[in-house]
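Visitor: For reference, the sequence and a predicted model appear below.
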Amino acid sequence: MKIVQADEVGYIYQTKYQKIEALRNMTCSFETGKIYAIVGESGSGKSTFLSLLAGLDLPTSGSLYIDGKDIRNINRDQYRRDQVAVVYQAFHLFPLLTALENVVFPMTLKGIPVKQAKLRAKELIKKVGLGEKIEEQFPQMMSGGEQQRVAIARAMASEGNILLADEPTGNLDTKNEENIVKLLRNLAHEEQYAIIVVTHNPKVAMEADVILRMMDGTLIEIQENYKK
Ligand SMILES: Nc1ncnc2c1ncn2[C@@H]1O[C@H](COP(=O)(O)OP(=O)(O)O)[C@@H](O)[C@H]1O
Ligand SMILES: [Mg+2]
């Protein structure tokens, strides 16, 4: 199902002294059940595009449609809360909460009863390939790969079907990196997420169903990956 459509999207950062055209004429779409990799040099606009997809800001030109609705006309707070989840490079786990509590937290914010949230959190922790042992551990006691998995479980707790990840494997060793990408790939395929990953790593990009290549704020190539 097509969930996101970008139609000639542009974005200009307006600073005190200058305008920076970070995005121009971005046209592409994203479907659930697929994983996408966005690649391109530093400064090519990847993070800016992701922040628009996350609903943190609006395009300054062109349109972005979520489920067929112009993002300008939807409740963006609700969109961010219910439909889209973001995983960052620095995992942003709460240091004073255990793994389980980290995953439970966003659900309780949404008013899901604690008991129910805990059950779901346990299920998600299992789904990202972690054992029960991790549930009571604090982030400080976990490896980078484990922390990233908890961060993914927490992102999935949001119940949305769009998952965005900006360089999610940047801090991990190669083995962990491969595992995380395989996990994301499975999540996209089995749980019907649209997963969009920004990455510098060609190996990560190769795991994606579609690779979008950016340069100087625009798309220069959309490549379907038939290898799989
Ligand atoms: N907050 C900001 N204010 C002004 N310019 C910015 C800001 N964030 C990014 N830019 C500029 O926008 C362009 C795209 O940046 P970015 O989206 O971060 O690229 P990437 O993630 O591909 O490295 C760059 O020229 C960058 O300097
Ligand atoms: Mg970036």
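Guide: Thanks, I have it. Ligands and ions are numbered 1, 2, ... in the order given.
Visitor: mind listing the strands for this structure?
Guide: Counting by DSSP state E, the chain has strands at residues 2-14, 19-31, 34-40, 61-66, 69-70, 84-87, 162-166, 194-198, 210-215, 218-224.
Visitor: strands paired with the shortest one, and their directions?
Guide: Counting by DSSP bridges, the strands paired with strand 69-70 are strand 61-66 (antiparallel).
Visitor: Around ligand 1, which positions in this protein sit nearby?
Guide: 13, 15, 20, 22, 40, 42-48 (C-beta under 6 Å from any ligand atom). For the C-beta atoms, the positions are set from N, CA and C on the backbone; glycine is no exception.
Visitor: Quick one: which of the residues you listed has the lowest pLDDT value?
Guide: Here the lowest pLDDT out of these sits on residue 15, with 89.
Visitor: biggest helix in this protein by residues?
Guide: Taking DSSP state H as the criterion, the chain has its longest helix at helix 174-191.
Visitor: which parts of that helix are buried?
Guide: Across helix 174-191, burial judged by 16 or more other C-beta atoms under 10 Å covers 176-181, 183-185, 187-188.
Visitor: Determine the set of other helices and strands touching that helix.
Guide: Here helix 174-191 touches strand 34-40, helix 144-156, strand 162-166, strand 194-198, helix 202-206, going by 3 or more C-beta pairs under 8 Å, 6 or more residues apart in numbering; DSSP states H and E.
Visitor: quick one: contacts of the longest one?
Guide: Residues external to helix 144-156 that are found in contact with it (C-beta atoms under 8 Å, 6 or more residues apart in numbering): 85-88, 91-93, 99, 102-103, 105-106, 121, 124-125, 127-130, 134, 139, 142, 163, 168-169, 171-173, 176, 179-180, 183-184, 187, 191.
Visitor: hmm, 7 Å instead?
Guide: Residues outside helix 144-156 that contact it (C-beta atoms under 7 Å, 6 or more residues apart in numbering) are 85-87, 91-93, 99, 102-103, 106, 124-125, 128-130, 134, 139, 163, 168, 171-172, 176, 179-180, 183.
Visitor: Also stretch 15-33?
Guide: Contacts with stretch 15-33, where a contact means C-beta under 7 Å, 6+ apart, come from 1-13, 36, 45, 48-49, 161, 188-189, 192-194, 196, 212, 217-219, 222.
Visitor: related to what we said a few turns ago, pipe the helices and strands packed on helix 174-191 into CSV and attach distance to residue 116 and mean neighbour count per row.
Guide: Formatted as CSV, these follow (distance: least, C-beta to C-beta, whole Å; neighbours: other C-beta atoms under 10 Å):
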stretch, distance to residue 116, mean neighbour count
strand 34-40, 29, 23
helix 144-156, 15, 24
strand 162-166, 22, 24
strand 194-198, 25, 27
helix 202-206, 34, 16
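Visitor: so can I have TSV of these showing distance to residue 26?
Guide: Listed next are the helices and strands packed on helix 174-191 as TSV, based on distance: least, C-beta to C-beta, whole Å:
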stretch	distance to residue 26
strand 34-40	10
helix 144-156	24
strand 162-166	15
strand 194-198	13
helix 202-206	18
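Visitor: if we can go back for a sec, from the contacts of helix 144-156, which would you call buried?
Guide: For the contacts of helix 144-156, a burial check counting by 16+ other C-beta under 10 Å picks out 85-87, 91, 93, 99, 102-103, 106, 124-125, 128-130, 134, 139, 163, 168, 172, 176, 179-180, 183.
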